[in-house]
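Quick one, structure for this:
(chains A, B, C and D)
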2 protein chains.
Amino acid sequence: MTRMTNPLILKLEQRDQLSDAEKRALETAISRVRVVEADEDIVREGDRPNESSLLLDGFAARYKIVSNGRRQISALHVPGDFLDLHSFLLKTMDHGVLALTTCRIAAVPHATLEKITDEYPHLTRMLWLNTLIDGAIHREWLTAMGRLSATAHMAHLICELYLRLKLVGRAEGDTVQLPITQAELGDTLGLSTVHVNRVLQELRKEGLIRFQGDALTILDWERLKTVGEFTSTYLSLQNEDR
Amino acid sequence: MTRMTNPLILKLEQRDQLSDAEKRALETAISRVRVVEADEDIVREGDRPNESSLLLDGFAARYKIVSNGRRQISALHVPGDFLDLHSFLLKTMDHGVLALTTCRIAAVPHATLEKITDEYPHLTRMLWLNTLIDGAIHREWLTAMGRLSATAHMAHLICELYLRLKLVGRAEGDTVQLPITQAELGDTLGLSTVHVNRVLQELRKEGLIRFQGDALTILDWERLKTVGEFTSTYLSLQNEDR
DNA sequence: CTCAAGCATAAACATATGTGAGTGCGGCTA
DNA sequence: TAGCCGCACTCACATATGTTTATGCTTGAG
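All right, here's what the predicted structure looks like:
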């Protein structure tokens, strides 16, 4: 294959080996690729998709709007992530998915996923695993949101995003491109933009990060991890039989 | 069968029909039943279980402890819930599971689960669905925690627990038994016990609930739903082909 | 080259929720 | 029957974070 490796395969192979047949099944599962511009919806709350979206390039967020227009982002997605694999079985979207930047998105028909569950038990487990890691991240965010200070929470999120981006080859040394506004960070952490700004400045003043434009640089990984009480267990980065 | 229906089957059949063979496979998947006393750990953080725990009776919570001893509960479980089905594929527990009351727990060996994924594709999808609903609940909690007031968040939680208990036959009219302390509610909502107390009193004063001892009564479902901005979509209560 | 838009930043002030230290009730247990 | 313990509940006070409003970059459109 001359084409760049599918980032989903990159991500799954981090967790367990895939056979050639499984990789082929994944590659051929993609029915078409489309581009969604920044700030557009990729899937809407209430939709009943008959395919799931795999993010090939760009950043996306799952979100929900509550009464007075406030928004909560419940997941941030990087290349290689499925945005709504869960819609295969949950059927109705209980939240929307938004492109934070221009996104390249592959469609995987639910009929194909069903066929995979019939014919490839191990690959099925790997897709299931993929959604379980999403769930583990949700739990970690709950803990951070409920019991960490705003500063610690932000440090935690930065640690996670840095690792996840590195995993799919999106880090250059200690730097990653993170094209996300402070307002979006606020919606992710459950904070106001003003407080996001305060907290980022604190992390900068402490010499933990640099964040200029979209370029986020980790200046002191160990201390950042300590401040954010970050341990990577929940990301299941180990390669083992699944 | 003279034995009372397995609450897991009750729960799954709400979402899609199970064949007799699938039900039998589930029933025989249970290797043994044990009892765990209140306040004891059912699974510990760091464990690598070779079986998953199905809650037959009682209340349990997934939790995580952060530095200064603070605790966050990331999931509350009622009969019929799997407590750590995810450990089948995630392998290492990134959080603990605690019995809130005396619990009857069935063990389902991971080897049996693997066999199910090999032989029963539809049942596999139903188990996968089960973990996806856990994930949907996590996202809902994130939204409530990040963007709702403490009062609304509490109202939301009460709506959810009432529905989930009703679903497995644990409601008598508008009343459910909810044996959970205010401190535990605080660890669930990310609040102090003092504030939990304030918030519960407000809901009582508003005539929305009664909460005496363990008996929680919904006095005004519609207004409670409004206050908590509650919609049940995320619980996937529809029966459909999956 | 200019303007407008979006974004980061700032300061003053407001408030929801946390903290610490207690009281008192009800139910076990000896 | 007494005493203890866990738990719900209170009050006074502390503070992390939100709100409002404004300023000035930077960048892209025209």
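
Run the chain-centre distance for stretch A:64-84.
10 Å (C-alpha atoms, centre = their mean, to the nearest Å).

Quickly check: that stretch near chain B or not.
Yes: judged by C-beta under 8 Å from any C-beta of the partner chain, stretch A:64-84 and chain B are in contact via A:64, A:66-67, A:70-72, A:74-75. (Each C-beta comes from the backbone N, C-alpha and C, glycine too.)

Then stretch A:219-232?
Yes: for stretch A:219-232, a contact with chain B is found by C-beta under 8 Å from any C-beta, at residue A:229.

How about that stretch, which residues are buried there?
Of all the residues in stretch A:219-232, those buried under the rule 16 or more other C-beta atoms under 10 Å in any protein chain shown are A:224-225, A:227-230.

Return the residues in contact with residue A:187.
Each residue near residue A:187 by C-beta atoms under 8 Å, 6 or more residues apart in numbering or on different chains is listed here: A:63, A:71-73, B:146.

Among those, name the ones in helices.
Among the contacts of residue A:187, the members falling in helices (DSSP state H) are residue B:146.

Just the residues contacting stretch A:131-138, thanks.
Stretch A:131-138 has contacts (C-beta under 8 Å, 6+ apart) with A:74-75, A:82, A:85-86, A:160, A:234-236, B:74, B:86, B:89-90, B:94, B:128, B:131-132, B:134-135, B:138-139, B:142.

what about 6 Å?
Residues from elsewhere that reach stretch A:131-138, judged by C-beta atoms under 6 Å, 6 or more residues apart in numbering or on different chains: A:85-86, A:234, A:236, B:86, B:89-90, B:94, B:135, B:138-139.

Then stretch A:71-81?
By C-beta under 6 Å, 6+ apart, stretch A:71-81 touches A:7-8, A:10-11, A:55, A:57, A:60-65, A:83, A:164-165, A:168, A:187-188, B:139, B:142-143, B:146-147.

what's across from the residue positioned nearest the centre of chain A in the sheet?
Of all residues in chain A, the one closest to the mean position by C-alpha atoms, centre = their mean is residue A:77, 2.6 Å from it. Counting by DSSP bridges, residue A:77 forms beta bridges with residue A:60.

what's the nearest residue to residue A:178 once chain neighbours are set aside sitting at in phi/psi?
Closest residue to residue A:178 apart from its sequence neighbours, by C-beta to C-beta, 6 or more residues apart in numbering or on different chains: residue A:216 at 4.4 Å. Main-chain dihedrals, residue A:216, degrees, to the nearest 10: phi -100, psi 120.

how close does the closest residue to DNA strand C within chain A get to DNA strand D?
Nearest to DNA strand C in chain A, going by C-beta to the nearest atom of the strand, is residue A:182, at a distance of 3.4 Å. Counting by C-beta to the nearest atom of the strand, to the nearest Å, the gap between residue A:182 and DNA strand D amounts to 11 Å.

tell me the secondary structure for residue A:67?
Here residue A:67 is coil, with the state taken from DSSP: H, G, I helix; E, B strand; the rest coil.

whoops, residue A:234 was the one
helix.

burial measure for it, as a count.
Residue A:234 has 23 neighbours, counted by other C-beta atoms under 10 Å in any protein chain shown.

Over to residue A:40?
11.

Name all residues that make contact with the residue lying closest to it once chain neighbours are set aside.
Spatial nearest neighbour of residue A:40, chain neighbours left out: residue A:99 (5.3 Å); criterion: C-beta to C-beta, 6+ apart. Neighbouring residues of residue A:99 by C-beta under 6 Å, 6+ apart: A:36, A:38, A:40, A:42, A:60.

I'd like the contacts of residue A:187 as TSV, with distance to residue B:212 appended.
Output for these, formatted as TSV (distance: C-beta to C-beta, whole Å):
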residue	distance to residue B:212
A:63	38
A:71	37
A:72	33
A:73	38
B:146	31
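
one step back: which non-adjacent residue is nearest the residue of chain A closest to DNA strand C?
Leaving out its chain neighbours, the residue that sits closest to residue A:182 by C-beta to C-beta, 6+ apart is residue A:196, at 4.5 Å.

Could you give the number of residues near the closest residue to residue A:63 other than its chain neighbours?
Distances taken as C-beta to C-beta, 6+ apart put residue A:73 closest to residue A:63, at 4.8 Å, once the chain neighbours are dropped. Residues lying near residue A:73 (other C-beta under 10 Å) number 25.

what's the answer for residue A:239, then?
11.

Next, find the distance separating it from residue B:130.
Distance from residue A:239 to residue B:130, counting by C-beta to C-beta, to the nearest Å: 26 Å.

Same check on residue A:216?
For residue A:216, the distance to residue B:130 (C-beta to C-beta) stands at 37 Å.

same thing with residue A:83?
When distance is defined by C-beta to C-beta, residue A:83 is 21 Å away from residue B:130.

Helices of chain A, residue ranges please.
Counting by DSSP H, chain A has helices at residues A:7-13, A:20-29, A:87-90, A:110-119, A:121-147, A:150-167, A:182-189, A:193-205, A:221-227.
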